[in-house]
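S.K.: what would the 3D arrangement of this be:
(one chain, ligands or ions: 1)
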Amino acid sequence: MTDAVVVGAGLSGLVCARRLAGAGVDVEVLEARDRVGGRTLNQAIGPGQVTELGGQWAGPQHTAVRRLAAEVGVETFPTHIAGRHLYHHAGRATRYRGDVPARMPLGLGDFRLAQARLERLARRIDLDDPAGAPWARRYDEMTVETWMRRHMRTRSGRSLMRLTIKAVLAVEPREISLLGWLFYIASGGGLDSLIRTDGGYQQDRFVGGSQEIALRMAADLGQRLRLATPVRRIEHGRDGVRVHADGAVVDARSVVVAIPPHLHPTIEFAPGLPAVRNQLATAMSAGMVTKFVAVYPEPFWREAGLSGHATSTEGPISMTFDNSPPDGSPGALVAFALADGARALEAMSPADRRGVVLDALVALYGDRASTPQQLHEQCWAREQWTRGCYVGYFGPGGWTSFGSALRRPVGRIVWAGAETATHGHGSMDGAVTAGERAAEEALAALRLEAGVRA
Ligand SMILES: Cc1cc2nc3c(=O)[nH]c(=O)nc-3n(C[C@H](O)[C@H](O)[C@H](O)COP(=O)(O)OP(=O)(O)OC[C@H]3O[C@@H](n4cnc5c(N)ncnc54)[C@H](O)[C@@H]3O)c2cc1C
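M.R.: Purely as a prediction, here's the structure:
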């Protein structure tokens with residue numbers, strides 16, 4: 001019998017396994033895919049050059065993932081953001097500097113007032129127990145859309161807030177409760193921190209791509225990691241756990257489940273999980289993102305004084321960034337289709353989808369954008385072992401009904417994953433801290449048991 005099994009080799013599961021192995025615990029990691037990294041995924045775009053199709057940015061506040069990257073020898077570099085940004089709204093693309101477009105004073109004022117109000121409310125959130133306050137239920141019953149209609153006066157201000165929520169969470173404001181949005185704002189250290197590049201979430205990228213961090217942890221784990229081994233059933237009881245996966249059955253003292261909660265129903269638990277835990281998994285949904293990366297011989301937009309960052313209220317592409325490697329060669333633009341935008345694209349044929357994405361890039365960056373050397377596409381909701389991104393979230397009522405069960409272990413089962421993080425919830429940093437917390441919980445239980453046996 002081994003000490004611990006970790007289900008899932010995303011950042012969270014790998015960090016957990018690394019921590020357990022470092023503490024001298026026998027650990028095995030079972031991963032469904034034939035690769036590690038989960039929601040981080042590198043894409044080669046030239047000899048020795050990569051860009052990312054999944055999670056990629058880290059801000060200065062993301063100290064855990066930065067520390068981990070340094071430990072495994074992965075460096076950071078600043079996101080290219082020099083130049084003017086573009087805001088595409090009402091049929092026009094206008095240039096701006098700063099975090100949000102200033103070309104619509106009324107709308108911007110409305111947005112800033114709403115932001116101040118949201119941040120004031122978010123400061124009241126207890127990150128360990130967002131649903132615990134007596135007022136939480138009132139905010140959990142209301143969608144962000146309803147709140148915006150009540151508290152924001154201008155259409156352009158609401159449009160900007162809608163875009164912000166989509167950019168940050170890949171959901172429409174009608175899909176998430178006000179409490180959920182406040183929790184996310186609090187967990188991210190404020191709205192500015194979530195949307196900014198300099199000093200915010202988008203400040204830096206990882207040299208060699210963010211997946212490199214997972215690849216290096218996996219190399220260290222060696223034989224303790226098995227790929228292409230999806231876990232199907234977990235039997236758990238007083239004496240231990242038996243984890244059934246394709247091609248493997250592992251007996252262990254404890255199991256850490258490091259997959260997103262909305263995937264928990266894909267595993268059969270015997271005996272079944274407590275009712276609230278079961279319902280939590282079905283109450284949690286995931287956002288919808290399709291990421292496109294267009295690759296050009298050079299980042300031609302920089303010559304025109306553009307940063308490559310654009311936000312748009314028009315069409316299915318909501319945002320772009322310069323996603324070139326550190327030396328700017330080749331040039332890469334990443335374009336995000338988010339929530340309804342991503343769903344609209346999914347209804348099209350691959351050729352039509354490509355046409356729509358290139359038209360959107362041409363509307364922002366001109367004719368040179370029409371002929372990329374490569375165009376990569378990654379729809380995370382189509383992925384069997386992810387089924388939605390960036391992160392799992394509760395719809396209205398979810399936090400107050402199920403939030404308290406999110407991290408609570410069930411017997412020998414411990415829960416990890418970015419969705420269980422308090423700070424940096426849903427980010428790579430959150431995945432790392434959640435993996436560390438889960439490892440501490442598993443270790444404490446193992447030590448207690450060893451003490452009892454001794
Ligand atoms: C497009 C996109 C952009 C993002 N941008 C950013 C960003 O810029 N910055 C940032 O910080 N975060 C970003 N994120 C979020 C970040 O990538 C994730 O929060 C983080 O990587 C999640 O790690 P995790 O280990 O918790 O989960 P995952 O990475 O989802 O890992 C779970 C693992 O479990 C495996 N698995 C699933 N089911 C089973 C099973 N039954 N048996 C065995 N294995 C199983 C999966 O294959 C996967 O490898 C982004 C995500 C996406 C998709």
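
S.K.: give me the residue from the stretch 51-200 of the chain nearest the ligand.
M.R.: Across the stretch 51-200 of the chain, no residue is closer to the ligand than residue 55, which sits at 2.3 Å (Cβ to the nearest ligand atom). From N, CA and C alone the C-beta is placed, and that goes for glycine too.

S.K.: now residue 116: how far from residue 190?
M.R.: Note on residue 116: its distance to residue 190, by Cβ to Cβ, to the nearest Å, is 11 Å.

S.K.: in stretch 368-384, what counts as buried?
M.R.: Within stretch 368-384, the residues that count as buried by 16 or more other Cβ atoms under 10 Å are 368-369, 372, 375-381, 383.

S.K.: output that stretch as CSV, nothing but the C-alphas.
M.R.: Extracted in CSV, the C-alpha atoms of stretch 368-384 (Å, rounded to 0.1, in the frame of the first residue of the first chain):
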residue,chain,number,x,y,z
ARG,A,368,-1.3,42.5,-42.5
ALA,A,369,-3.3,40.6,-39.8
SER,A,370,-5.2,38.7,-42.5
THR,A,371,-2.4,36.3,-43.4
PRO,A,372,-0.8,34.7,-40.4
GLN,A,373,1.8,32.0,-40.9
GLN,A,374,0.0,29.9,-38.3
LEU,A,375,-3.4,30.1,-36.5
HIS,A,376,-3.8,27.9,-33.5
GLU,A,377,-7.1,27.3,-31.7
GLN,A,378,-7.9,25.8,-28.3
CYS,A,379,-11.4,25.5,-27.1
TRP,A,380,-11.1,24.4,-23.5
ALA,A,381,-14.8,23.4,-23.2
ARG,A,382,-14.3,20.8,-25.9
GLU,A,383,-11.5,19.2,-23.9
GLN,A,384,-12.7,15.9,-22.3
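
S.K.: so what's residue 88 closest to, chain neighbours aside?
M.R.: Closest residue to residue 88 apart from its sequence neighbours, by Cβ to Cβ, 6 or more residues apart in numbering: residue 312 at 3.7 Å.

S.K.: with residue 226 instead?
M.R.: Nearest one to residue 226, counting by Cβ to Cβ, 6+ apart, is residue 30 at 5.5 Å.

S.K.: can you report phi and psi for that neighbour?
M.R.: phi -110, psi 120 (degrees, to the nearest 10).

S.K.: tally of neighbours for it?
M.R.: The number of residues packed near residue 30 is 25, by other Cβ atoms under 10 Å.

S.K.: among the buried residues of stretch 368-384, which ones are in strands?
M.R.: In this view, these that belong to strands under DSSP state E are 375-379.

S.K.: please enumerate the strands of the stretch 201-350 of the chain.
M.R.: Ranges of strands in the stretch 201-350 of the chain, per DSSP state E, counting those that start in this stretch, are 204-206, 225-226, 231-237, 240-245, 248-257, 268-270, 284-286, 289-296, 306-312, 317-322, 331-338.

S.K.: and of the buried residues of stretch 368-384, the nearest to the ligand?
M.R.: residue 380 (4.6 Å).

S.K.: give me the pLDDT for the residue nearest to the closest one when sequence neighbours are not counted.
M.R.: Leaving aside its sequence neighbours, residue 380 sits nearest to residue 389 (Cβ to Cβ, 6+ apart; 3.9 Å). In the predicted model, residue 389 carries a pLDDT score of 94.

S.K.: ok, residue 389 - contacts?
M.R.: Contact analysis of residue 389 by Cβ atoms under 8 Å, 6 or more residues apart in numbering lists 39, 54, 170, 286-289, 380-381.

S.K.: the helices in the stretch 351-454 of the chain, which residues?
M.R.: Taking DSSP state H, counting those that start in this stretch as the test, the helices found in the stretch 351-454 of the chain are 398-402, 428-453.

S.K.: other SSEs contacting the first one?
M.R.: Using 3 or more Cβ pairs under 8 Å, 6 or more residues apart in numbering; DSSP states H and E as the contact criterion, the neighbours of helix 398-402 among helices and strands are helix 136-141, helix 178-187, helix 275-283.

S.K.: and the angle for the helix or strand following the shortest one with helix 178-187?
M.R.: For helix 136-141, the following helix or strand on the C-terminal side (DSSP states H and E) is helix 144-151. For the pair helix 144-151 and helix 178-187, the angle between their directions (axes from the mean of the first three to the mean of the last three Cα atoms, to 10 degrees) equals 90 degrees.

S.K.: gap between the residue nearest in space to the middle of the chain and residue 264?
M.R.: A centroid search over the chain (Cα atoms, centre = their mean) returns residue 390, at 3.5 Å, as the residue closest to the centre. Here residue 390 is placed at a distance of 18 Å from residue 264 (Cβ to Cβ).

S.K.: same check on residue 347?
M.R.: Distance from residue 347 to residue 264, counting by Cβ to Cβ: 28 Å.

S.K.: these two: who's more crowded?
M.R.: residue 264 (21 against 8).

S.K.: could you verify my assumption that residue 80 touches residue 308?
M.R.: Yes - judged on Cβ atoms under 8 Å, residue 80 makes contact with residue 308 at a distance of 6.5 Å.

S.K.: now do the shared contacts for those two.
M.R.: 299, 302, 322, 324.

S.K.: quick check: closest non-adjacent residue to the third one.
M.R.: Of all residues beyond its chain neighbours, the one nearest residue 322 is residue 308 (3.0 Å), with distances taken as Cβ to Cβ, 6+ apart.

S.K.: what residues are up against that neighbour?
M.R.: Applying Cβ under 8 Å, 6+ apart, the residues near residue 308 are 80, 83, 299, 301-302, 320-324, 333.

S.K.: name the nearest of the residues you listed relative to the ligand.
M.R.: Closest approach to the ligand among the contacts of residue 308 (Cβ to the nearest ligand atom): residue 321, at 9.6 Å.

S.K.: which one of the helices and strands packed on helix 398-402 lies nearest to residue 158?
M.R.: helix 178-187 (13.9 Å; Cβ to Cβ).

S.K.: give me the contacts around the closest one.
M.R.: Residues contacting helix 178-187 (Cβ under 8 Å, 6+ apart): 118-119, 121-123, 125, 127, 130-131, 136, 139-140, 142-144, 146-147, 165, 168-169, 173, 191, 194, 393-395, 398-400, 421-426, 430.

S.K.: now a ChimeraX select for only the buried ones of those residues.
M.R.: Applied in ChimeraX, the following selects the buried portion of those according to 16+ other Cβ under 10 Å:
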select :118,121,122,125,130,131,136,139,140,143,144,147,165,168,169,173,191,194,393,394,395,398,399,400,421,422,423,424,425,426,430
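
S.K.: out of the contacts of helix 178-187, who's near the ligand?
M.R.: For the ligand, the contacts drawn from the contacts of helix 178-187 by Cβ under 6 Å from any ligand atom are residue 426.

S.K.: so which elements touch the lowest-mean-pLDDT helix or strand in the chain?
M.R.: Within the chain, no helix or strand scores below strand 92-96, which has a mean of 91 by mean pLDDT, DSSP states H and E. Other elements packing on strand 92-96 under the criterion 3+ Cβ pairs under 8 Å, 6+ apart are strand 84-89, strand 306-312.
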